[in-house]
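A.B. asks: got a predicted model here, sequence first, then my questions.
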Amino acid sequence: MYITLIDERVAKMAPEFTRNGLQRAALKWGHQFSTLLYPVARKTLPYRPKMWWIPRLPIWAHPRRAPHSRPWSTPVPAPADELRTGPGVQLIPEAQQRAFDEAPLHDFIRLHPEMRGEHSPTGHMWISLLSTSPRVQGAARRRAQANRRPEATAPAARVTPAALTEAMKREAARLGLAAVGVTAYDIKYNYAEYHGLAVGDTIIVGIVEQNFDSTQMCPSLRSEKAALSAYAGLEDRMRLLAEWIREQGYAARAEGFVGESMVIPYAVQAGLGQLGLNGQLLTPNAGSRCRIEVMSTDAPFLHDTPVDFGIEGVCDKCQICVRRCPAGAIPAIRKESRGVVKAKLNTKRCLPVMGKTAGCSVCMKVCPVQRYGLPAVLQEFEATGRVLGKDTDDLEGFDWPLDGRHYGPGERPRLAAEVFETPGFEFDPGRKVPLDWVDPTGTNTEALGY
C-alpha cells in the first residue's frame, strides 16, 4: 500500500521534474552565461560579501527554496536479513585513535584559505551564493551573536533526564526540525582549530529536510538555492533550540552549518541514519536530502544509539550513485580510512565538478532512499528483490548543465580535462594550517567571510 502511494505521488509530480528541449537549452545557456560572467564577478565581489543586512522576502515567498518544516514520523520497517550489516557504521577504535593522535582533523577552509579567493573551485556557484547570502548570513550572524553567551539563563529544571529529553525533542519538532538525536561529544570528530569550545559532553544533532521538488532538478541553480536556504532555516531552528535549552537551566552552543566538527559521524552515532556509498548521511525518510548541524550542551539528555536501518545493505545492492556520478568520484567498495570502514570519495575529482555545475548533487538526486524513502525501498526489495526505481529514467535521469543534454540510465557525461582543473588551488593531503591562523572564539564566521 505504501509503495503504491509513493508511486502515485511521484507520477503526479513527474512533469515538474522533466525539462523539455527548450528548458534544457536554457539550462545550458544559463550555465554558460554564468561562466562568462564569473571572471568579472570574482574581481568585483568578495568571496562571500557581507549581505546579511539586505532586506529579503520571507521564505514562503520562495516556495521552491523553502525547506520542509514537518517532523519525520513515517515508521521504518525492519530490513530483510540480507540487508543487515550492523548498527551505524563499522568502526575500528584503535585505528581511529591512532589517526587522531598522528593527524588531527582540520577545518577544510582553514586548511585551504584559497577557498575564499578568486581561484576557489566552488566560485562558479556565485549566482546561487549571491542570491541566498542575505538569508544565510543573517541566520549565521544571529547564531554567532547567541553563542557569545552560551551559559544557562535560568535555574536547572527539576525533571528527570528522560522527561527533559522528551520535552527537548517535542520543542525541536515544534520549531520545524525534521529530526534530532543525542550522542556523546567525541574530540576525534572535532576539528583541531575548535578544540575546547564545546560547553558540555553531549552533542545534539539537528536535521532539516531540503525541498523535495527542487532536489529532483539537480544539478541546477534551483536545487542549489534550495540547499542553501535549508541551511539558513537550520541555523535559525538550532539557535532557537539552544535558547530553549538555556531557559531550562543548561548551557548550549550551536556550531553553525559550516561546522566545527564532522557532523555525519555524530548523526550516525545518534541513530539518525547510516553512511551511504556517496559519502553522505542517508536518513530513512529523506536519504541525504537534508542538512545537518550540531550543538554542544551540558544538559543531562539521554543519549541515542546507532541503528541498523539496512541502508548499507541497500547501497551494496543499489550502487546507482557509483555508476551515475559524472566525476567518477565514488568507489564501489568500502575500505578503512582513519578507523572508519567507508567508501572514500575522490575529492580531487568531486569538488571541481561540483563547483562548476551548480553544486552537482547527482549522487543525491539518483538515490532511491532520497526519492522514495527507505520504507518504500525496503518493501519493494522484500516483495521483488529489486531496488525501487533502479534502471528507470524516473530515478536515474538527470539534465547536465554543461551541455544541456539529458542522461538516462547507462549514460554519463564525458567531462573534458579542464573541468577537473583548479588553477591556484592545490589538493595537498600533507598541508598544514597557516601559522597566522586566529581562533575565531567560537563564532566560526570568518570561515564564511562574514
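C.D. replies: Great, that's in hand. What you see is a predicted model; the values in this text were computed from it and never measured. Numbering: from 1, shown residues only.
A.B. asks: count of neighbours near Lys342?
C.D. replies: 20 (other Cβ atoms under 10 Å). Using the backbone N, CA and C atoms, a C-beta is placed for each residue, glycine as well.
A.B. asks: you'd agree it is up against Gly276?
C.D. replies: No: the pair Lys342 / Gly276 is not scored as a contact, 9.3 Å apart, by Cβ atoms under 8 Å.
A.B. asks: for whatever helix or strand Val136 lives in, C-alpha coordinates in CSV please.
C.D. replies: Taking DSSP states H and E as the criterion, Val136 maps to helix 126-146. Extracted in CSV, the C-alpha atoms of helix 126-146 (Å, rounded to 0.1, in the frame of the first residue of the first chain):
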residue,chain,number,x,y,z
TRP,A,126,28.5,32.6,-7.3
ILE,A,127,24.9,33.2,-8.6
SER,A,128,23.3,30.9,-6.1
LEU,A,129,25.6,32.2,-3.3
LEU,A,130,24.8,35.8,-4.2
SER,A,131,21.0,35.3,-4.2
THR,A,132,20.9,33.4,-0.9
SER,A,133,23.7,35.1,1.0
PRO,A,134,21.4,37.6,2.8
ARG,A,135,19.3,34.8,4.3
VAL,A,136,22.2,32.5,5.1
GLN,A,137,24.4,35.2,6.5
GLY,A,138,21.6,36.7,8.6
ALA,A,139,20.9,33.3,10.2
ALA,A,140,24.6,32.7,10.8
ARG,A,141,25.0,36.1,12.3
ARG,A,142,22.1,35.6,14.7
ARG,A,143,23.6,32.2,15.8
ALA,A,144,27.0,33.7,16.3
GLN,A,145,25.6,36.5,18.5
ALA,A,146,23.7,34.0,20.6
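A.B. asks: quick one: buried residues of the helix or strand following that helix?
C.D. replies: Remark: after helix 126-146, the chain's next helix or strand is helix 161-175, criterion DSSP H and E. By 16 or more other Cβ atoms under 10 Å, the buried positions in helix 161-175 come out as Leu164, Thr165, Met168, Lys169, Glu171, Ala172, Ala173, Leu175.
A.B. asks: closest to Gly196 among these?
C.D. replies: Minimum distance to Gly196 across those is 24.8 Å, recorded for Met168 (Cβ to Cβ).
A.B. asks: how close does that closest one get to Met354?
C.D. replies: In this view, Met168 and Met354 are 35 Å apart by Cβ to Cβ, to the nearest Å.
A.B. asks: again with Cys360
C.D. replies: 4 Å.
A.B. asks: and Trp53, that one's in a helix?
C.D. replies: No: assessed with DSSP: H, G, I helix; E, B strand; the rest coil, Trp53 is coil; it does not lie in a helix.
A.B. asks: can you pull up the bridge partners for the one residue sitting closest to the centre of the chain?
C.D. replies: In the chain, the residue lying closest to the centroid (Cα atoms, centre = their mean) is Arg291, at 4.3 Å. Note on Arg291: beta-bridge partners by DSSP bridges are Val208.
A.B. asks: understood, closing this out.
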